[in-house]
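Colleague: sequence below, structure please.
(chains A and B)
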Protein chains: 2
Amino acid sequence: MTEYSVIGKRVPKLDALDKATGRAQYGHDVDMPGTLVGKILYANLPHARILNIDTTRAEKVRGVKAVITGKHNPAHNFGYGGDNTPLKGDKVRCRRDEVAAVAAVDDDAANEALELIRVEYEELPALFSAEAALADGAPLVHEDRANNLFTRYDYSHGDAERAFDDADEIVEQEYRLPYVSHAAMETSFALAAFDLQNRLTMWSTTQIPFLLQRDLSEALGMPGRDIRVIQPTIGGAFGRGLDVYPFEPICALLAKHSGKPVRIAFTREEEFFATAVRQPAHVKIRTAAKRDGTLWARDARLLLDAGAYISWGAVTPLVMMETVGSLYRLPHAKFVADVAYSNNPPTGAMRGYGNPQSTFFVETQMDMLAEKLGMDPVEFRLRNANIPNEETPQGLKITTCGLRECITEVAERIGWERRATTDDGRRATDERQTPIVKSKIENRKSKIKRGIGIACTLNVGGGARIYRSDGCGATVKVDDFGRVTLVSGSTEIGQGSETALAQIVAEVLGVRVDDVTVINSDTSVKPWDVGTHASRTTFIAGNAAWIAASEVRQKILDHAAKMLNVAPNHLEMRDRMIRVQGDGDASGKRVAFDKVVRAMHYREDGTVVSGSGWYDPPTKLVDKDTYKGNISAAYGFGAQAAEVEVDVETGQVRVLKLVAAHDVGRAINPMYVEGQIEGGVQMGLGYALTEELQVREGRVLNPSLLDYRVLTALDMPHVESVIVETADPAGPFGAKGVGEMGGNPTAAAIANAIYNAVGVRMNQLPMTGERVLKAIKEKRSETGD
Amino acid sequence: MTEYSVIGKRVPKLDALDKATGRAQYGHDVDMPGTLVGKILYANLPHARILNIDTTRAEKVRGVKAVITGKHNPAHNFGYGGDNTPLKGDKVRCRRDEVAAVAAVDDDAANEALELIRVEYEELPALFSAEAALADGAPLVHEDRANNLFTRYDYSHGDAERAFDDADEIVEQEYRLPYVSHAAMETSFALAAFDLQNRLTMWSTTQIPFLLQRDLSEALGMPGRDIRVIQPTIGGAFGRGLDVYPFEPICALLAKHSGKPVRIAFTREEEFFATAVRQPAHVKIRTAAKRDGTLWARDARLLLDAGAYISWGAVTPLVMMETVGSLYRLPHAKFVADVAYSNNPPTGAMRGYGNPQSTFFVETQMDMLAEKLGMDPVEFRLRNANIPNEETPQGLKITTCGLRECITEVAERIGWERRATTDDGRRATDERQTPIVKSKIENRKSKIKRGIGIACTLNVGGGARIYRSDGCGATVKVDDFGRVTLVSGSTEIGQGSETALAQIVAEVLGVRVDDVTVINSDTSVKPWDVGTHASRTTFIAGNAAWIAASEVRQKILDHAAKMLNVAPNHLEMRDRMIRVQGDGDASGKRVAFDKVVRAMHYREDGTVVSGSGWYDPPTKLVDKDTYKGNISAAYGFGAQAAEVEVDVETGQVRVLKLVAAHDVGRAINPMYVEGQIEGGVQMGLGYALTEELQVREGRVLNPSLLDYRVLTALDMPHVESVIVETADPAGPFGAKGVGEMGGNPTAAAIANAIYNAVGVRMNQLPMTGERVLKAIKEKRSETGD
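Modeller: Prediction:
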């Protein structure tokens, strides 16, 4: 392996000090002189016709500068489903529907005005589940549609129908997956300001500034060329920022009608009830194998409740079907997902984008099937694991693949050989014996049972073409002093992409990471990029940065070669110096990086040094009928193993240790890879054990961090991250994406560990004490234990 | 002439509305949380040794966060002369020398602290003129130098010594030129903030962000790569921002020592006494002609008082010598200028950069010589005017030249034929007969005498290589919606360059001016440029923008050609549309600009569209011994004619009309060309009649806008601007620079008009009533009138 200077090093994040000391300027810190407070009035009815909105009293409140309702909407719908408007004019379709908004000089005036708006409604029957929405005779959520089915995804390869007939063992299960919230630490934010040419600048916590430019253009009925998006420091996104949501055009409309900049900053309560959520799903899945342990077929049927409006979140079945169709070598697969409208909260994209859901049901089924086959779950997975350089029947062209290494790593590190098996019976362990020791787990006597489980994941790792372009642009310039500026189209949402990109550029140019400034927050400055999603930034933006930096490198080498009278390809760039390769300075032929740059500038026909790059991976949109096609230029893999304790008297699950091994191609910065894995595991653990946005009759019952239980640092078990490197030929320095993977297999690994501990198969998330205890009791009553 | 869509159109400035409505964010509007106020303690002694500075009481003032003195200076001198330090440690050399500075939470605390600093001085004999400074035995301003002569410029061509022997007519005169202040409406400003990696961001009213980066690096002893310069909207500069001055590194040192952002915003009083000024000059000049009216020789000897420290302003003789050596075809020239240190205020660059001074003495001499020859001054000038495509003996390669057209235009428009001549005697005119009528001026009877005068100018119009690079970089990108972004290295200081550059890009790409966003205020984003000086921005940055836009144009045409199945060179881009040339849409073969851009992006192997440009003109630094060489890629010319009334009882001069014709190659935007000419005339009129920074014993006596009399809009005469276009082959769309020219010939034209009115030759500026009256009285006593 090449000896890199910067790649693979644990360089601290460029913005770490600013964030740690409170200097970073988040959206909530952004202010402009004369900025007004914007506030929204929500319907709080799940389904109702709006008869009248009276804003006259609100308009008279001192300090109120604008009051708007649906009649101020531009004549354009927006959103992925083309079904949304900023404010709701005719009827409301969920409790969070925005019916009016005000802009005022302060919070008090804005709140007073909201209270004085009178809305008359005629209530309509409401639909609180996808099942109800798709029942015959259900009322229509959108009356311009024939029914409440937004779309059906119907995928297959091989012959899944017949395959189940040919199979030796089949397992079948239903699953119910909950609403989950991103629960980002910074609540949603927008600041809209029009200039005097009627051009809009929007400060936003978006992840997709260029698509937001397009989306706002649509939502506001104004030319995209007149919209500029600026991203301040972003305090968490996790998919929340992948769509335009009504508060953003509302903010712009308030700015337009008040003639002042307007900011809308969500309260924590709004953040829970008025942002998009991960959609709930009802899943029926069958998985089949041959007696020899060959995985044979999967058939998954899903019903997804998209809520009142359709966002990019409705596309998650595309990702779910990849895990169903291509995690492990699988001859036969069938996947049908119906996405339905309802009067529940609108749903959206969230980290993993369907993968945490599908990995949960696919990987718990793998465990069930292994048991039925009488095989060790690790052995069963190794036998069927994907291998490098193989195209799956779904059309995914797997290049590098470290799945087997990941499985082996986690099995070894969790102490898989200690795992209690059904052959052992379930043995008790002493309650206090929590330190993990390398001895067989004994669960017989105690009320605390221990178990170990494993689960794997497949994730796009080289972008994901879900939009016509998956590209990213970059420019690199070097100033007279050797300061390197990378202008990248990509978006930093806290994941550390800035630093990873700076490392890539620094490695190419042989300079230090802090010699590189990354500019990436303003659509008028940076080149296009589709946005931060699908774990794509290090791979896609990294390639674009690599291309731009390589152009600069070649120019500098060519000139240095003339200065040193050496062929360019005999030179190396390292430590801010250009030297003869392998020369160890023996020849004395060396020249400082910044000196070459100045020499290129200050001469006849001189020039400053810059380069540009554009990278759009050689992938395709999946076929619109068959859903087949190579959506990503590389694929990441991972395995996680968990050891848990289950209290059989309370059902409480305690995770003792979690080992997460992920194939990331090459870790540009192992510290961030670990950070991404650990962050993913933290969300995966929440999905597994504690997090559920409780929605009853369309109402969010737990809109607070106290009741919506995100795991804190103190709640986290020991997570051991293992980086598996496969040096992908398409990635920058071999890197593949890792952003989402860490959260995909966690819930399944824990469910499998719970089964290993107490013998119950959990098919509903989160696996709260109450649910686990119920399952234990049901099992006891079934088995008469 | 090609029919342009945007070039030559009176497009309003892109920032006009923001400036007119107060929305523009000037430096004084820039704020960051926790920013401290920085204030400076000045010596107020012209020359003294610093014995001790006691800051202990100042440090104890509540709210004071840093008090610094010379001992906090980095161990590096800075400035063009390498003779300056942020604070003065050993001795002070002028009254404005900075001896200490404080940073505090508010103005009151800062002022209180300043008052409590005790400085002990030992006073030294001081030098208040260049003559005194160069006298034998004069005390040294800088003790590490052998004497107070900073440098001598010694230029000649032909054989000036002998030429005067061969001449038929010779005129000779001494001139004394005053201190002048830029008097920018926005006072000087700096805001310095260090980040936690010890990198400095400086918000500054600078004109030269990239040189400031270098200068601050030198002044602060820190790597240039760690300095970023951001320019807010700038409220006037006029050369003030062409150097680093002590307050800027002081601001940075205060930020460093307080650990907080620090702003220094000059009071109006500071703006007058603590910024650099145009240096005063003592000039002796002889000019000779042959009897037939051939201009034969000039010999100018100058003594310039640079003050206590040397800035780029000391280089102004380079420009003065061009007017001496190359305005009109001139076989013999000699120019010697001595630049001396003194204990007067430090001097710097100011609009025209020596040219208003030299044009004043050269062009009043031309009038004297014409009179001696018995020739009409217009005829004399026309006879000797520069002509196109001729290299002057000085090495200036004149390409286009509209000097004759300018002379003819102003003579005609001022009504030159009405001019009273010496042959007529001086005829009185009725006091009330102020309307200009097409009748011969009669000055005999009245105490109000009328006169008409003319003067010409030569100015660099294609950059000016006074630094190793005269280049500028540009990038152009087009987004999916047809929004075009130009990132230009150049600097907008109010001159309208942003809009002119947007027009150039818009014309190349066939879009509207307001489709173009210009980004030009941040050194980390924009490519290098030497800065705004020497009337270079439209020419140099315009060429760079043209190159970048042309690359984009070609890419788009190539793709459109494929879409339309037409050869690219048969297509034209106009009105946001690509069409077949001359087709008038008959073929229906057309496609919208933004549609092509999207088609280029959203396809296999697609890409976003961008281009880059770098332009450094094919000029050379003048030879360091002979001072010869082609400093600029093009030269601008102009003539101004003034009609004045002189009150012989008070000496008051009233300008009735001023006609200014300037050869600008091509007016990208006639409105700004007129604006630049009128603004130049306004400064030229001030230089001629009212403005003088009164310095006595090194002290500024009139540091206020009330006493330093800048002409207001109400004081302005009718100015008729005439644009002469010569379509320079090197300029973007034929443009040459115009930024400085308007102010160069004004004082000479008025002096010549005064002579025409009352027969006195004014050789001192400004030509105040007092001075004119004195001259009239002296003449009367000489002639016995």
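Colleague: does residue A:750 really touch residue A:655, like I thought?
Modeller: Yes - with contact defined as Cβ atoms under 8 Å, residue A:750 reaches residue A:655; the gap is 6.5 Å. Quick note: C-beta positions are derived from backbone N, CA and C, even for glycine.
Colleague: give me the common contacts of those two.
Modeller: Common neighbours of residue A:750 and residue A:655 (criterion: Cβ atoms under 8 Å, 6 or more residues apart in numbering or on different chains): A:642, A:644, A:685, A:689.
Colleague: which residue ranges form the helices in the stretch 401-550 of chain A?
Modeller: Here the stretch 401-550 of chain A has its helices, by DSSP state H, counting those that start in this stretch, at A:403-414, A:497-509, A:537-564.
Colleague: can you check the stretch 101-250 of chain A too?
Modeller: Secondary structure of the stretch 101-250 of chain A by DSSP H, counting those that start in this stretch: the helices cover A:107-116, A:130-134, A:160-166, A:209-220, A:247-258.
Colleague: so which of these gets nearest chain B?
Modeller: Nearest to chain B among the helices of the stretch 101-250 of chain A is helix A:209-220; the distance by Cβ to the nearest Cβ comes to 7.0 Å.
Colleague: run the chain-centre distance for that closest one.
Modeller: Chain-centre distance of helix A:209-220: 21 Å, with Cα atoms, centre = their mean, to the nearest Å.
Colleague: next, the angle helix A:247-258 makes with that helix.
Modeller: Helix A:209-220 and helix A:247-258 are oriented at 60 degrees to each other (axes from the mean of the first three to the mean of the last three Cα atoms, to 10 degrees).
Colleague: for whatever residue of the stretch 51-200 of chain A ends up closest to chain B, give me its contacts.
Modeller: Closest residue of the stretch 51-200 of chain A to chain B, Cβ to the nearest Cβ: residue A:196 (3.7 Å). Contact analysis of residue A:196 by Cβ under 8 Å, 6+ apart lists B:17-18, B:21, B:23.
Colleague: who has more neighbours out of residue A:750 and residue A:655?
Modeller: Taking neighbours as other Cβ atoms under 10 Å in any protein chain shown, residue A:750 and residue A:655 compare with residue A:750 leading, 31 against 23.
Colleague: sec struct for whichever residue of the stretch 1-150 of chain A sits closest to chain B, please.
Modeller: The nearest approach of the stretch 1-150 of chain A to chain B comes at residue A:17, 3.8 Å away (Cβ to the nearest Cβ). The three-state label given to residue A:17 by DSSP: H, G, I helix; E, B strand; the rest coil is helix.
Colleague: sorry, back to before: of the shared contacts of residue A:750 and residue A:655, which is the most crowded?
Modeller: That'd be residue A:642 among the shared contacts of residue A:750 and residue A:655, by other Cβ under 10 Å, with 35 neighbours.
Colleague: show me the contacts for that one.
Modeller: With Cβ under 8 Å, 6+ apart, residue A:642 has these contacts: A:414, A:452-454, A:655, A:657-659, A:746, A:749-750, A:752-753.
Colleague: make it 6 Å
Modeller: The contact partners of residue A:642, by Cβ atoms under 6 Å, 6 or more residues apart in numbering or on different chains, come to A:453, A:655, A:658, A:749-750, A:753.
Colleague: next: residue A:709.
Modeller: residue A:690.
Colleague: does it count as helix, strand or coil?
Modeller: Three-state assignment for residue A:709 (three-state DSSP): coil.
Colleague: how close does it sit to residue B:556?
Modeller: Going from residue A:709 to residue B:556 by Cβ to Cβ, to the nearest Å gives 54 Å.
Colleague: ditto for residue A:280
Modeller: Residue A:280 is 47 Å from residue B:556, by Cβ to Cβ.
Colleague: can you check residue A:373 too?
Modeller: Residue A:373 sits 61 Å away from residue B:556, going by Cβ to Cβ.
Colleague: who has more neighbours, the two?
Modeller: Legend: neighbour count by other Cβ under 10 Å for residue A:373 and residue B:556, higher for residue B:556 (25 against 20).
Colleague: state the distance from the residue nearest to the more buried one when sequence neighbours are not counted to chain A.
Modeller: Excluding the flanking residues, the one nearest residue B:556 by Cβ to Cβ, 6 or more residues apart in numbering or on different chains is residue B:596, at 5.4 Å. Residue B:596 sits 14 Å away from chain A, going by Cβ to the nearest Cβ, to the nearest Å.
Colleague: host element of residue B:596?
Modeller: helix B:593-601 (DSSP states H and E).
Colleague: adjacent strands (with direction) for the very next helix or strand once past that helix?
Modeller: Going down the chain from helix B:593-601, the next helix or strand is strand B:609-615, by DSSP H and E. In the sheet, strand B:609-615 lines up against strand B:472-478 (antiparallel) (DSSP bridges).
Colleague: ok, residues contacting the strand it pairs with?
Modeller: With contact meaning Cβ under 6 Å, 6+ apart, strand B:472-478 is reached by A:527, A:608, B:484-490, B:527-529, B:540-541, B:544-545, B:548-549, B:552, B:597, B:609-615.
Colleague: try it again with 7 Å
Modeller: A:475, A:527, A:608, B:484-490, B:505, B:527-529, B:540-541, B:544-545, B:548-549, B:552, B:597, B:608-615 (Cβ atoms under 7 Å, 6 or more residues apart in numbering or on different chains).
Colleague: can you pull the contacts of the residue nearest to residue A:456 when sequence neighbours are not counted?
Modeller: Leaving aside its sequence neighbours, residue A:456 sits nearest to residue A:639 (Cβ to Cβ, 6+ apart; 4.6 Å). For residue A:639, the contacting residues are A:406-407, A:410, A:454, A:456, A:661, A:745, by Cβ under 7 Å, 6+ apart.
Colleague: try 6 Å
Modeller: Going by Cβ under 6 Å, 6+ apart, residue A:639 touches A:406-407, A:410, A:456, A:661.
Colleague: excluding its backbone neighbours, what's nearest residue A:183?
Modeller: residue A:710 (5.1 Å).
Colleague: ok, the one you found to residue A:684 distance?
Modeller: Going from residue A:710 to residue A:684 by Cβ to Cβ gives 12 Å.
Colleague: neighbour count winner among the two?
Modeller: residue A:684 (33 against 16).
Colleague: quick check: residues of the stretch 451-600 of chain A near chain B?
Modeller: Where proximity means Cβ under 6 Å from any Cβ of the partner chain, the interface of the stretch 451-600 of chain A facing chain B comprises A:468-469, A:473, A:477, A:481-483, A:485, A:517, A:519, A:524-525, A:527-528.
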